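**Student:** Give me a model of this one.
(2 chains)
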Amino acid sequence: AQSVTQLDSQVPVFEEAPVELRCNYSSSVSVYLFWYVQYPNQGLQLLLKYLSGSTLVESINGFEAEFNKSQTSFHLRKPSVHISDTAEYFCAVSDSRGNAGNMLTFGGGTRLMVKP
Amino acid sequence: ETGVTQSPTHLIKTRGQQVTLRCSSQSGHNTVSWYQQALGQGPQFIFQYYREEENGRGNFPPRFSGLQFPNYSSELNVNALELDDSALYLCASSFGDRQYNEQFFGPGTRLTVL
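**Tutor:** Numbers count the residues shown, from 1 in each chain, chains lettered A, B, ... in the order given. Just a heads-up that it's a prediction; the model follows:
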């Protein structure tokens, strides 16, 4: 079984400031890691994912996350946020074993609030 | 390419009633997963269907059941509704059930149980 903890339920930040959204996970098996974003009244959208290879993964809109196996973390960062980044962000994991399926276990979410 | 669609958008039911929620998967996708997202919480996995067979189930009671049809659309049925069933129900589709198969989410159905 896996669990995901997002340590901050809300993160207020001013526009153009850097931000870090924290995610820690617990699992008895190897996992893949994901960040999803949910804008108001919309479904979840995949932001970025770590399956294998380089532990630093990037999204097309400037976010990045680093997989740290020893600390069981997958924190999301952006060096300069925009008003349009205001949304709910969810960290998720899935069992990486071959026949385990792609079901996701989500954290509780972090609401990023970007202020002008 | 049509994305994942869900119906209805909103639904109000009373305790003890039954409800059916519907999901049309993205074109070409053969796997559908359902999640429950209570207010202020992250989504919780209910179950997954792959090629019309249940492929995995989360920690939900048997009164939560589902179907996947030959066209890969899906239904989520909940019997004997309880107040705690009030939530946003999300459907996600993917081509295949491997971990590298990205799941695409619909906008959800907001269920309120009174």
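
**Student:** Every contact and neighbour count from this point should use C-alpha atoms.
**Tutor:** Noted.

**Student:** So, low pLDDT: which residues of chain B?
**Tutor:** In the predicted model of chain B, residues B:1 satisfy pLDDT under 70.

**Student:** Let's check: the centremost residue of it is which one?
**Tutor:** residue B:34 (3.1 Å; CA atoms, centre = their mean).

**Student:** Return the residues in contact with the most centrally placed residue in chain A.
**Tutor:** The residue lying closest to the centre of chain A (CA atoms, centre = their mean) is residue A:35, at 3.1 Å. Neighbour list for residue A:35: A:46-49, A:76, A:89-92 [criterion: CA atoms under 8 Å, 6 or more residues apart in numbering or on different chains].

**Student:** Could you give the number of residues near residue 77?
**Tutor:** Chain wasn't specified; assuming chain A. 18 (other CA atoms under 10 Å in any protein chain shown).

**Student:** Actually, chain B is the one I wanted.
**Tutor:** The burial count for residue B:77: 15, using other CA under 10 Å.

**Student:** ditto for residue A:58
**Tutor:** Neighbour tally, residue A:58, other CA under 10 Å: 17.

**Student:** Any residues of chain A in contact with chain B? List them.
**Tutor:** A:32, A:41-46, A:51, A:90, A:94-96, A:98-109 (CA under 8 Å from any CA of the partner chain).

**Student:** For ChimeraX, write the selection for the buried entries among the residues you listed.
**Tutor:** Listed next is the ChimeraX selection for buried residues among the residues of chain A next to chain B, using 16 or more other CA atoms under 10 Å in any protein chain shown:
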select /A:32,43,44,45,46,51,90,94,95,96,101,102,103,104,105,106,107,108,109
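
**Student:** Which of the residues of chain A next to chain B fall in strands?
**Tutor:** Counting by DSSP state E, the residues of chain A next to chain B place A:32, A:44-46, A:90, A:94-95, A:105-106 in strands.

**Student:** possible to save those residues as CSV with pLDDT?
**Tutor:** Converted to CSV, these look like this (pLDDT from 0 to 100):
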residue, pLDDT
A:32, 91
A:44, 93
A:45, 93
A:46, 93
A:90, 97
A:94, 90
A:95, 85
A:105, 94
A:106, 96
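
**Student:** for those residues, which one is nearest residue A:13?
**Tutor:** residue A:90 (17.6 Å; CA to CA).

**Student:** pretty sure that closest one contacts residue A:108?
**Tutor:** Yes. Under the criterion of CA atoms under 8 Å, residue A:90 makes contact with residue A:108 at 6.9 Å.

**Student:** List the residues that are in contact with both of these two.
**Tutor:** residue B:42.

**Student:** any idea which helix or strand comes after the lowest-mean-pLDDT helix or strand in chain A?
**Tutor:** The weakest-scoring helix or strand in chain A, judged by mean pLDDT, DSSP states H and E, is strand A:56-58 (a mean of 91). The helix or strand immediately downstream of strand A:56-58 is strand A:64-68, counting by DSSP states H and E.

**Student:** For that next one, which strands pair with it and how are they oriented?
**Tutor:** Neighbouring strands of strand A:64-68 in its sheet, by DSSP bridges, are strand A:56-58 (antiparallel), strand A:73-78 (antiparallel).

**Student:** Can you say which of those is packed in most?
**Tutor:** Counting by mean count of other CA atoms under 10 Å in any protein chain shown, strand A:73-78 has the highest mean neighbour count of those, with a mean of 21.

**Student:** Nice, that's everything, thank you.
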